[in-house]
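Enquirer: here is a sequence together with a model predicted from it:
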Amino acid sequence: MNIAIIIGSTRSGRATPLVGKWVEQTAQKSISDKATISVIDLADYDLPLFDEPISPKYNPDRQSEGDVKKFLDDLLAADGYVFITPEYNHSVSGVLKNAIDYIAFETNKKAALIVAHGGMGGVRATEHLRNILSELGLVTTPVAVNLSGMVAMGGIIENDGSLTNKESGAQGMLEGALSDLVWYSAALSSARE
């Protein structure tokens with residue numbers, strides 16, 4: 001089983017990769033005996049503003065190329081996902097929404113965990129992302145992980161990817177959520193077969 005961690009921000013000075021580092025390290029410690037962990041950083045793909053004339057879900061003749069094809073192939077290879085998003089203007093980042101708009105069937109009937117950070121812990125971005133992902137046929141885990149406060153620069157995550165406040169409960173919440181993600185991913189994988 002492959003779990004892909006998706007870094008949903010590309011702007012300079014972004015804190016999302018630091019959250020991704022924490023998630024990846026935690027996943028390596030807590031679920032690597034059940035899953036292979038990979039990282040999909042949207043900054044590594046040149047995804048232009050989505051402008052296809054037909055929705056990908058309704059275009060059987062669609063032929064993706066370049067970084068769009070690579071992104072979709074990387075998504076297809078995973079059985080479950082951790083979507084990490086900052087909260088921008090009470091929602092998900094524009095670059096994450098743009099990337100999601102390229103998806104047709106690659107994530108259908110697979111599981112997703114949402115990890116959000118920002119004002120109020122990114123809860124508004126989490127709610128928006130749940131609705132968006134359900135349209136793609138993804139099943140989101142019941143518990144999301146929401147991080148309040150400044151992530152970087154002496155905030156809630158150290159440069160090495162560890163939490164600054166070990167007693168916050170966030171570590172245990174993430175470990176439990178990752179365990180749930182593996183359970184849902186395995187159940188859905190079995191059902192897809």
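Expert: Good, I have the coordinates.
Enquirer: which residues touch stretch 86-102?
Expert: Applying C-beta atoms under 8 Å, 6 or more residues apart in numbering, the contact partners of stretch 86-102 are 6, 8-11, 14-16, 42, 45, 47, 49-50, 56, 64, 68, 71-72, 83, 85, 116-120, 122-125, 128-129, 132-133, 136. Any C-beta I mention is one placed from the backbone N, CA and C, and that applies to glycine too.
Enquirer: filter those residues down to the ones in helices?
Expert: Thr16, Val68, Phe71, Leu72, Val123, Arg124, Ala125, His128, Leu129, Ile132, Leu133 (DSSP state H).
Enquirer: of the residues you listed, which is the nearest to Gly172?
Expert: Comparing the ones in helices among the contacts of stretch 86-102 against Gly172 with C-beta to C-beta picks out Val123 as the nearest, at 18.7 Å.
Enquirer: which ones are touching the closest one?
Expert: Counting by C-beta under 8 Å, 6+ apart, Val123 touches Glu87, Ala116, Asn146.
Enquirer: by neighbours, which of these wins?
Expert: When neighbours are counted by other C-beta atoms under 10 Å, Ala116 leads the contacts of Val123 with 28 neighbours.
Enquirer: ok, that residue touching Val151?
Expert: No. Ala116 is beyond contact range of Val151, at 10.8 Å (criterion: C-beta atoms under 8 Å).
Enquirer: that older thread, can I get the ones in helices among the contacts of stretch 86-102 in JSON lines with pLDDT?
Expert: Formatted as JSON lines, the ones in helices among the contacts of stretch 86-102 follow (pLDDT from 0 to 100):
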{"residue": "Thr16", "pLDDT": "94"}
{"residue": "Val68", "pLDDT": "98"}
{"residue": "Phe71", "pLDDT": "98"}
{"residue": "Leu72", "pLDDT": "98"}
{"residue": "Val123", "pLDDT": "94"}
{"residue": "Arg124", "pLDDT": "95"}
{"residue": "Ala125", "pLDDT": "96"}
{"residue": "His128", "pLDDT": "97"}
{"residue": "Leu129", "pLDDT": "98"}
{"residue": "Ile132", "pLDDT": "97"}
{"residue": "Leu133", "pLDDT": "98"}
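Enquirer: between which two of those residues is the distance greatest?
Expert: Val68 and Val123 (30.7 Å).
Enquirer: circling back: out of the ones in helices among the contacts of stretch 86-102, which are buried?
Expert: Neighbour-count burial (16 or more other C-beta atoms under 10 Å) applied to those gives Thr16, Val68, Phe71, Leu72, Val123, Arg124, Ala125, His128, Leu129, Ile132, Leu133.
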